[in-house]
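1. Sequence and predicted structure, then a few things I'm wondering about:
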Amino acid sequence: MSRAPRRLGPATLRAALAGLVLLAAYLPEPAAGTGDREPGRQAAARSDRARVLALMDRMTRKQKVGQLFVVEVAGRDAQDVSDEARAVNQRLYGVDTPAQVIAKYQPGGVIYFTTRNGDDNIGSPGQVATLSNGLQAAARALPGRIPLQISVDQEGGALVARFGAATGATQLPGNMALGAGALGAGGSAADARRSARLIGRELAAVGVTQDYAPVADVNVNPDNPVIGIRSVGADPALVSDLVAAQVRGYHRGGVSAVAKHFPGHGDTGVDSHFGLPEVTHSREQLEAIDLPPFRAAIAAGVDTIMTAHVVLPAIDPGVPATMSHKILTGLLRRELGFDGLIVTDALDMGGATETFPPDVAPVRALRAGADQLLIPPDLDTAYHAVLTAVRRGDISARRLDASVYRILLHKVRRGLFADPYVDAATAPRVMGAPAHRAAAQAITDRTTTLLANESGLLPLAPAPRRVLVAGWGATTTQALAAGLAARGATTQVLESGTTPTPTAVDDATTAARDADLVVVTTNNAYARDATTGEPTAAAAAQTELVRALLATGTPVVVVAVRNPYDVASFPEAPTVVDTYGYTAGQVESLVRVLYGEIDPAGRLPVAIPGPAGTGELYELGHGLGY
């Protein structure tokens, strides 16, 4: 039996028309010809969009505003938390548990930390997976059943890695180490892609859906206090290649990627966690240095771009990029053509709070073009400020819907609506898997750089010798000494911290005179005071230690275990090695290089400045082999 065609009433027609108008407003036109080549993909995209529009039609204004926020929660379980975590949740949100935070604000996302404001989300792999499932269950119990985006900062390396060695996670080298490896003989972006894929696999196994990585900043300022080895290096082309590779790697690993910090944080002398830096690049410098990695990330299909709390006078004088319509909407959206998510850097950082009160910053960021508001200093204030701004029309309903649409479409495309849960029993077998650790060590072994070997001290012959291990890092010096001892050395460790005291320097020099070899580690021995331009107290003290050890006449190997610029503080050092980090794998690679078990294959991804007026001490790409 045939049926008469269904007639659509006026209300239905109006709703359908509104949906089409909404869709046209939010989405870019498809590239010419793509519909003919990829009809299946186009049909899937239309289905995803229709699903999001239908969901938005049922959402309340409060639900939509909640989706804009990415929040922190305290505790290692969604329902059952320690007294300390309960106190933190009460202080921040007026509730006891992470699940109650989700129920109260219905946020779009959560970010995991180890210890921050009393937060403590990350323990064992199985525990984190259980927490993720509990948070997703809390979100799915709310109207709309909207899953969470669960994020973390896991950049690789020793600086910004919330899943540290104690959690069982595989420790991959950081960005600058990867840059050094890519510049080495036979190097390429392949290791960067593999590294990101491994990190992605392990994060996905514990329910993390998004990694706030890769860092796309080009570190052209040796005095940069916050980026440094978090950047691939100083060559925009190299940074672009590795950023694109990492975006693809994270996606292959099962998590979405976030390129940060737009429009570039690589030439700053102030840490935006504590103040508001200014990037004085001209528009031409911006195009040549800062923007290429973000263009490469967009071309590689990056899902999200994070803003920087920096002022860029060439585009918008006096306004932090996070709150700048000219930068987020004008530059990123219109000029670079990015149609994915824009997430702010944490709104409780000094670069945001120094300029805007907690009820102003989130509204300004949204009006500028941001979609997601990361960790406002007072969530209740921020939430109600945005809600009030929408009610008053300071933020239009269309503007709100545009961000909510992008957030929900992202979750649909990442498969979160289909199944946001993970297998907690499997997580421990994935995170830190032997194959992952072996791959990480192989990648790391290609990154260590030999800067200077004037007296031919290296490689060391495997023979008994008395070795003094001095300098920075209690764990680092002990691990280094253990590696040397395993190869026949008799070791003494005199760890002197970030700022060696005169007594520590005297003790080290005394011990050095009785040793056959000294290996001394430095960490930011080139750091400069942002106001005076003079070495910081810590840098000056580390430099004094190195020079005192060199003066003993005992052979000395200086190892910069963080920024490679340290050698500029003691250019007379005849034997210098850079590791770009101090994970256990990087210390192991260092020992292997010292004994010639592997070639020092890494090459400098930055230039090392010489004394004022003398040019470069070491040029980008420099490195010695055996």
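-> Sure, I can see it.
2. Can I take it that Ala259 is in a strand?
-> Yes. Residue state for Ala259 (DSSP: H, G, I helix; E, B strand; the rest coil) corresponds to a strand.
3. What strand or helix carries the residue lying closest to it once chain neighbours are set aside?
-> Distances taken as C-beta to C-beta, 6 or more residues apart in numbering place Ala297 nearest to Ala259, at 3.9 Å, with adjacent residues excluded. All C-beta atoms are positioned from the backbone trio N, CA, C, and that covers glycine. Ala297 belongs to helix 291-299 when assigned by DSSP states H and E.
4. Pull the residues that contact whichever helix or strand comes after that helix.
-> Following helix 291-299 in sequence order, the next helix or strand is strand 304-307 (DSSP H and E). Residues from elsewhere that reach strand 304-307, judged by C-beta atoms under 8 Å, 6 or more residues apart in numbering: 210, 212, 256-262, 294, 297-298, 321-322, 328, 332, 338, 340-345, 365, 370, 372, 374, 410.
5. show me the contacts for Gly228.
-> Contact partners of Gly228, counting by C-beta under 8 Å, 6+ apart, are 159, 176, 219, 562-563.
6. Now for the residue lying closest to Gln154 once chain neighbours are set aside, how many residues are close by?
-> Closest residue to Gln154 apart from its sequence neighbours, by C-beta to C-beta, 6+ apart: Asp211 at 5.3 Å. Neighbour count of Asp211, defined by other C-beta atoms under 10 Å: 26.
7. What separation do you get for Leu366 and Ser324?
-> Computed as C-beta to C-beta, to the nearest Å, the Leu366 to Ser324 distance reads 12 Å.
8. tell me which strands and helices the longest helix along the chain is in contact with?
-> In the chain, taking DSSP state H as the definition, the longest helix is helix 39-58. Packing contacts for helix 39-58, counted by 3 or more C-beta pairs under 8 Å, 6 or more residues apart in numbering; DSSP states H and E, involve helix 10-26, helix 397-413.
9. for it, which positions count as buried?
-> 45, 49, 52-53, 55-56 (16 or more other C-beta atoms under 10 Å).
10. All the strands of the stretch 401-550 of the chain, in order from the start?
-> 449-453, 466-471, 490-495, 517-522 (DSSP state E, counting those that start in this stretch).
11. Those strands: which one's closest to Pro317?
-> With C-beta to C-beta as the criterion, Pro317 lies closest to strand 517-522 of the strands of the stretch 401-550 of the chain, at 38.2 Å.
12. and that closest one, which strands flank it?
-> Strand pairing for strand 517-522, using DSSP bridges, gives strand 466-471 (parallel), strand 556-560 (parallel).
13. before we move on, the earlier item: can you tell me which of the helices and strands packed on helix 39-58 the model trusts least?
-> For the helices and strands packed on helix 39-58, mean pLDDT drops lowest on helix 10-26, to a mean of 41.
14. Distance of Thr490 relative to Pro464?
-> Applying C-beta to C-beta to Thr490 and Pro464 gives a distance of 7 Å.
15. quick one: which of these two has more around it?
-> Higher neighbour count among Thr490 and Pro464: Thr490, with 13 against 9, using other C-beta under 10 Å.
16. Provide a list of residues in contact with the closest residue to that one other than its chain neighbours.
-> Distances taken as C-beta to C-beta, 6+ apart place Arg466 nearest to Thr490, at 5.2 Å, with adjacent residues excluded. Neighbouring residues of Arg466 by C-beta under 8 Å, 6+ apart: 489-492, 514-517.
17. again, 6 Å this time
-> By C-beta atoms under 6 Å, 6 or more residues apart in numbering, the contact list for Arg466 reads 490, 515-516.
18. got these as a markdown table, with pLDDT columns?
-> Output for those, formatted as a markdown table (pLDDT from 0 to 100):
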| residue | pLDDT |
| --- | --- |
| Thr490 | 97 |
| Ala515 | 98 |
| Asp516 | 98 |
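19. JSON lines please, covering the residues you listed and showing distance to Gly75.
-> Listed next are the contacts of Arg466 as JSON lines, based on distance: C-beta to C-beta, whole Å:
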{"residue": "Thr490", "distance to Gly75": "47"}
{"residue": "Ala515", "distance to Gly75": "49"}
{"residue": "Asp516", "distance to Gly75": "52"}
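20. that older thread, just the pLDDT for the residue nearest to Gln154.
-> 98.
21. Now do it against Val593, distance only.
-> 29 Å.
22. Also Glu284?
-> With C-beta to C-beta as the criterion, Glu284 and Val593 are 40 Å apart.
23. higher neighbour count, those two?
-> Neighbours per residue (other C-beta under 10 Å) separate Glu284 from Val593, with Val593 holding more: 25 against 9.
24. tell me which element that one falls in.
-> Counting by DSSP H and E, the element that carries Val593 is helix 584-594.
25. For the stretch 501-626 of the chain, which segments are assigned as helices?
-> 502-513, 537-550, 584-594 (DSSP state H, counting those that start in this stretch).
26. can you check the stretch 101-250 of the chain too?
-> With helices called from DSSP H, counting those that start in this stretch, the stretch 101-250 of the chain shows them at 125-140, 175-183, 190-205, 236-253.
27. Among those, single out whichever gets nearest to Asp316.
-> Closest approach to Asp316 among the helices of the stretch 101-250 of the chain (C-beta to C-beta): helix 236-253, 22.0 Å.
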